[in-house]
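**Q** sharing a model prediction with you, sequence too.
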Amino acid sequence: MLESLALALALLAGAGLGVIFFGGLWVTIRRGVSSERPALLFLSSLLLRMSIALAGFYFVSGGHWGRLLMCLLGFVMARFVITWLTRTWLTGRGGKPCALVPIS
């Protein structure tokens, strides 16, 4: 019973890490369109997002491969959810894809 709870929490933590990673990617792309130094923005964002994700996987797994797999599953599930949400947001205006509007 306790191991089932740990696996469920690992799944939720993986989903949270995925939302941070892929949500951060979405924000980076939106800001990169109007940035004066997009290369620096993309590189620093990548390093920050990867550091958070890898540290999260390390701490959530706690040396147990089952927790690591559940965390990875939650991470991948979050990818599909974020992809669906951003696609819905882009095509929500009359059903046609719209151009990226820079964030002010």
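**A** That came through fine.
**Q** remind me which residues of this structure are low pLDDT?
**A** With pLDDT under 70 as the threshold, the chain has low-confidence stretches at 90-104.
**Q** try 80 this time
**A** 1, 88-104 (pLDDT under 80).
**Q** any idea which helix is longest in it?
**A** The longest helix of the chain (DSSP state H) is helix 2-32.
**Q** what lies in contact with the helix or strand that it is followed by?
**A** With elements assigned by DSSP states H and E, the helix or strand that comes after helix 2-32 is helix 38-61. Residues from elsewhere that reach helix 38-61 (C-beta atoms under 8 Å, 6 or more residues apart in numbering): 10, 13-14, 16-17, 20-21, 24-25, 28, 31-32, 35, 67-68, 71-72, 75. Yep, even glycine has a C-beta here, placed from its N, CA and C like the rest.
**Q** repeat the analysis, applying 6 Å as the threshold.
**A** By C-beta atoms under 6 Å, 6 or more residues apart in numbering, the surrounding residues in contact with helix 38-61 are 10, 13, 17, 20, 21, 24, 28, 32, 35, 67, 68, 71.
**Q** rebuild these as CSV, extending it with neighbour count and distance to residue 84.
**A** Compiled in CSV, the contacts of helix 38-61 are given as follows (neighbours: other C-beta atoms under 10 Å; distance: C-beta to C-beta, whole Å):
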residue, neighbour count, distance to residue 84
10, 24, 23
13, 20, 21
17, 23, 18
20, 17, 17
21, 20, 16
24, 17, 17
28, 18, 19
32, 17, 22
35, 14, 26
67, 21, 26
68, 17, 25
71, 28, 21
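**Q** could you export those residues as TSV, including distance to residue 81?
**A** Listed next are the contacts of helix 38-61 as TSV, based on distance: C-beta to C-beta, whole Å:
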residue	distance to residue 81
10	17
13	15
17	13
20	13
21	12
24	14
28	18
32	22
35	26
67	21
68	20
71	16
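**Q** greatest separation within the residues you listed: which pair is it?
**A** Largest separation among those by C-beta to C-beta: 35 and 67, giving 37.4 Å.
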